[in-house]
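Okay, predicted coordinates and the sequence, questions at the end:
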Amino acid sequence: MTDTPASPQDGPRELLSATRRLTREVRQAQRGTWFPLLLFAALTLISVPVTLNSRHVLDCRVNPPGKICVAYSLGAFVYWPLALVLAYAVIAAFYVHRARSRGVGTRVRPYVLTGVIIALVATAVSLWFVTHPGAVGFPSPPSPGTIVAYRLVSPEGAIGLALLVLARVERNRALLVFGLAYLVIVGFGWMFTPRSAWLLPVTTAAVLLLGSIGFALAERRAARSVS
Amino acid sequence: MTEHPVNGLDDVVHQRVRLGILTIAHEARRVEFGFLRSALDLTAGNLGQHLSVLEKAELVHIEKGYEGKRPRTWVNLTPEGEKALRDEIAHLKRLIQQVEQTTP
């Protein structure tokens, strides 16, 4: 017989609190936040030599009363879209394998799809920015708002925006806070760092790496408390 | 006069283990027998009986297969199962609310 007599455990409050506990347990089994953070930290670090060593384009156009010049790394425009799309494929495979081995399904698809779309849109917008320098208010220097917008559509910004989707998918408040803090660093970090091609990417990579370590430790502690 | 929330409770779902199975299957989308067994702390036979009650009521769909050489049983929630879980949670919340209102 599968029906057990009513017990204090079957009271509405107890049943609801049991469903909340089980929901937490499933979410815990599905999470693997440390992995995308680690992967993106590695990709951001690798991007530094790629950007510095690849061919740079200096595009100068006559724009009365003067000339407007834009310099950018050609390698970055090839590296980032490829790296991000590949990274999302690897992340999807990781989550599917991990979920299967733990005996649960996964909710990672919206994150992966949104991540790829954001990465491609961000690349297209960045390309538009560098090919339409006049649109950002020349001859006066770009406003802080324009620079923040430019930073948010950079590859580092695209990673951060997609992390917010992962936070929603995983219903992970800690990741939401981390993602927002990361975006603040990406968007406003340029105000506090000297002009350098490597300092900001290294800083964002370090933030991602620290986040990865933090989430890995938290996930391990939560797994121990469940078992 | 509104119906008392107790009358809306479904006997198949209003049971600790079966509500747990539906909750896990909802959250996990697809859950393996072994995960259910350890999360709900049940024997294989006991869990199997609860699953067959839910399957008979068409609230879950059970899929058997192999992963490598290991046999695996996966449980998915049907649309009816999703609705039954939603209704049960709503009834439980109303029940608590009603008890709180009537308790001095």
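Nice, I can see it. Numbering: from 1, shown residues only, chains lettered A, B, ... in the order given.

Residue nearest the middle of chain B, spatially speaking?
With distances taken as C-alpha atoms, centre = their mean, B:Leu22 lies nearest the centre of chain B, 2.6 Å away.

Likewise for chain A?
A:Ile159 (2.7 Å).

Please name the nearest non-neighbouring residue to that one.
The spatially closest residue to A:Ile159, leaving aside those adjacent along the chain, is A:Phe40, at 4.9 Å (C-beta to C-beta, 6 or more residues apart in numbering or on different chains). Every residue, glycine included, has its C-beta placed from N, CA and C.

ok, the one you found to B:Gly34 distance?
32 Å (C-beta to C-beta, to the nearest Å).

quick one, strands of chain B?
B:30-32, B:60-67, B:70-77 (DSSP state E).

Now that we have the ones you listed, can you turn them into JSON lines and tack on distance to A:Arg173, mean pLDDT and mean neighbour count?
Listed next are those as JSON lines, based on distance: least, C-beta to C-beta, whole Å; pLDDT from 0 to 100; neighbours: other C-beta atoms under 10 Å in any protein chain shown:
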{"stretch": "strand B:30-32", "distance to A:Arg173": "24", "mean pLDDT": "94", "mean neighbour count": "21"}
{"stretch": "strand B:60-67", "distance to A:Arg173": "30", "mean pLDDT": "90", "mean neighbour count": "13"}
{"stretch": "strand B:70-77", "distance to A:Arg173": "25", "mean pLDDT": "91", "mean neighbour count": "17"}
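
Relative to chain A, which of these is closest?
Nearest to chain A among these is strand B:30-32; the distance by C-beta to the nearest C-beta comes to 3.2 Å.

How about the residues of chain B by chain A?
Applying C-beta under 8 Å from any C-beta of the partner chain, one finds that chain B approaches chain A through B:14-20, B:23-24, B:27-36, B:39-40, B:46, B:49-50, B:53, B:67, B:89, B:92-93, B:95-96, B:99.

quick one: the residue nearest to the centre of chain B and B:Leu59 touch, right?
Yes. B:Leu22 lies in contact with B:Leu59 (C-beta atoms under 8 Å); the separation is 6.7 Å.

Overlap of the contact sets of the two?
The contact sets of B:Leu22 and B:Leu59 overlap at B:13, B:77, B:81, B:84 (C-beta atoms under 8 Å, 6 or more residues apart in numbering or on different chains).

got a markdown table for those residues, with distance to A:Gly11 too?
What follows is those, written out as a markdown table (distance: C-beta to C-beta, whole Å):
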| residue | distance to A:Gly11 |
| --- | --- |
| B:Val13 | 15 |
| B:Leu77 | 24 |
| B:Gly81 | 23 |
| B:Ala84 | 20 |
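
quick one: which of these sit in helices?
Secondary structure assignment by DSSP state H places B:81, B:84 of the shared contacts of B:Leu22 and B:Leu59 in helices.

which stretches of the chain have low pLDDT?
As the question left the chain open, I've gone with chain A. Scanning chain A for pLDDT under 70 picks out the ranges A:1-9, A:63-65, A:133-142, A:190-197, A:226-227.

if you could check chain B rather than the one you did, that'd help
Applying pLDDT under 70 to chain B flags the ranges B:1-9, B:103-104.

give me that answer again for 80
Within chain B, the segments meeting pLDDT under 80 span B:1-11, B:67-68, B:99-104.

what are the ranges of the helices in it?
In chain B, the segments counted as helices under DSSP H are B:16-28, B:33-40, B:44-56, B:79-102.

Just say which of those is most tucked in.
helix B:16-28 (a mean of 24; mean count of other C-beta atoms under 10 Å in any protein chain shown).

and A:Leu113, how many neighbours?
14 (other C-beta atoms under 10 Å in any protein chain shown).

I'd guess it is in a helix, am I close?
Yes. Counting by DSSP: H, G, I helix; E, B strand; the rest coil, A:Leu113 is found in a helix.

so how far is A:Ala218 from it?
For A:Leu113, the distance to A:Ala218 (C-beta to C-beta) stands at 26 Å.
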